[in-house]
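# Would you be able to build a 3D model of this:
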Amino acid sequence: MRQVSDWCAQAAAVAGAWLLAAPGVAFGDQATAPAGLQPYTARYQVSYRGLNGGEIESSFKHGTAAGQWQYETRVFPTLLARVAISSQAHERSVIQANAAGIRPLSFNFNDGSTSSEKDVRLDFDWEALTVTGIFEGKPVSLPLTPGTHDTSSVQAAMIQELLAGRKPQGFKIVTGGKLRDYRYWPEGTQQVMTPYGQVEAEVWASQRTGSNRVTKTWHAPSLGYVPVQAIQYRKGNPEVQMKLVRLQRQAN
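Next up is the predicted model:
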């Protein structure tokens, strides 16, 4: 059942690698929502090496405080995939956003089981410039530099970057309890079929330093740059594929 158990982990890696960090900038006390950044909920069909793993839903909405947003991801695995992943598994990132950029405040992953040994909790202290917490039972303490993200906050950051017409080249992201470097590069545009018809999408590729995996993501400008498709390749072979099946816009 190893392939079944991998689908969610790999899909989460794809989702986390989808989007880039915004450049390091100073944040004022009066944070306001960036122009063009809108709440939404998107659901994706996920397959791993051709095996249907179910669906993943990501939602981006306002947080409880001014200038704060929440990015949350939940899984809807098939009956077969539920052997390895709980339908209660979810992750949530609380971020601060303004016209200058995006930065994470906290990140939590719960694998949906009664045990906490696989859970992740991170707190980003931008005054002390440290990120601390727990990764699968092990303590995390890392230096924090401008432009650092978690696997959820990068998604909002990339959308903001594309809306602003910028083309980031890389970012730092906390994954696996470590701070890792990723590089990104554009690969032109392609037409992609979606539930809303055929749309033109910008294709972005990304790769972690030292990894043999490359992720390609299709961002549709007509849908606010929300990703409509993503494929992760390992040694040139497609492993995880995600395709948009539903997008809901919400009032700002």
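
# all contacts plus neighbour counts: C-alpha atoms, from now on.
OK.

# Now do the contacts for Gln169.
Neighbouring residues of Gln169 by Cα atoms under 8 Å, 6 or more residues apart in numbering: 183-185.

# burial count for Val245?
16 (other Cα atoms under 10 Å).

# pLDDT score assigned to it?
Each residue has a pLDDT score; the one for Val245 is 94.

# What values do phi and psi take at Ser153?
The phi and psi values for Ser153, taken as degrees, to the nearest 10, are phi -60, psi -30.

# That one contacts Arg92, correct?
No. Counting by Cα atoms under 8 Å, Ser153 does not reach Arg92; the two are 9.2 Å apart.

# Identify the contacts common to these two.
In contact with both Ser153 and Arg92: Tyr71, using Cα under 8 Å, 6+ apart.

# the more surrounded of those two?
Counted by other Cα under 10 Å, Ser153 and Arg92 do not tie: Ser153 has more neighbours, with 33 against 22.

# Pull the contacting residues for the more buried one.
Contacts of Ser153 (Cα under 8 Å, 6+ apart): 21, 71, 93-95, 102-104.

# Highest neighbour count among those?
Ile102 (31 neighbours).

# Give me the contact list for whichever helix or strand that residue is part of.
Assigned by DSSP states H and E, Ile102 belongs to strand 101-110. Contact with strand 101-110 is made by 21-25, 34, 89-97, 116, 118-125, 147-150, 152-153, 156-157, 160, as judged by Cα under 8 Å, 6+ apart.

# One more pass at 6 Å, please.
22, 89-96, 119-124, 153, 157 (Cα atoms under 6 Å, 6 or more residues apart in numbering).

# Tell me the strands beside it, with direction?
The partner list of strand 101-110 in its sheet, established with DSSP bridges, is strand 90-98 (antiparallel), strand 120-125 (antiparallel).

# on that earlier part again, give me the subset of the contacts of Gln169 that lies in strands.
183-185 (DSSP state E).

# This protein: helices as residue ranges?
2-17, 153-163 (DSSP state H).

# Now do the last one against strand 90-98: the angle between them, please.
Just to be clear, that refers to helix 153-163. 40 degrees (axes from the mean of the first three to the mean of the last three Cα atoms, to 10 degrees).

# Now do helix 153-163: distance to the chain's middle.
Distance of helix 153-163 from the chain centroid (Cα atoms, centre = their mean, to the nearest Å) equals 10 Å.

# do stretch 126-133 as well
21 Å.

# Quick check: mean pLDDT of it?
The model assigns stretch 126-133 a mean pLDDT of 95.

# Tell me how many other residues crowd the closest residue to Gln96 other than its chain neighbours.
In space, and not counting its chain neighbours, Gln96 is closest to Gln68: 4.7 Å by Cα to Cα, 6 or more residues apart in numbering. Look at Gln68: counted by other Cα under 10 Å, it has 21 neighbours.

# What is the neighbour count of the spatially closest residue to Ala201 that is not a sequence neighbour?
By the measure of Cα to Cα, 6+ apart, the closest residue to Ala201 outside its immediate chain neighbours is Ala220, 4.2 Å from it. Number of residues near Ala220 (other Cα under 10 Å) recorded here: 21.

# cool, and Glu136?
Count around Glu136 with other Cα under 10 Å applied: 15.

# Quick check: it touching Asp119?
Yes. With contact defined as Cα atoms under 6 Å, Glu136 reaches Asp119; the gap is 5.3 Å.
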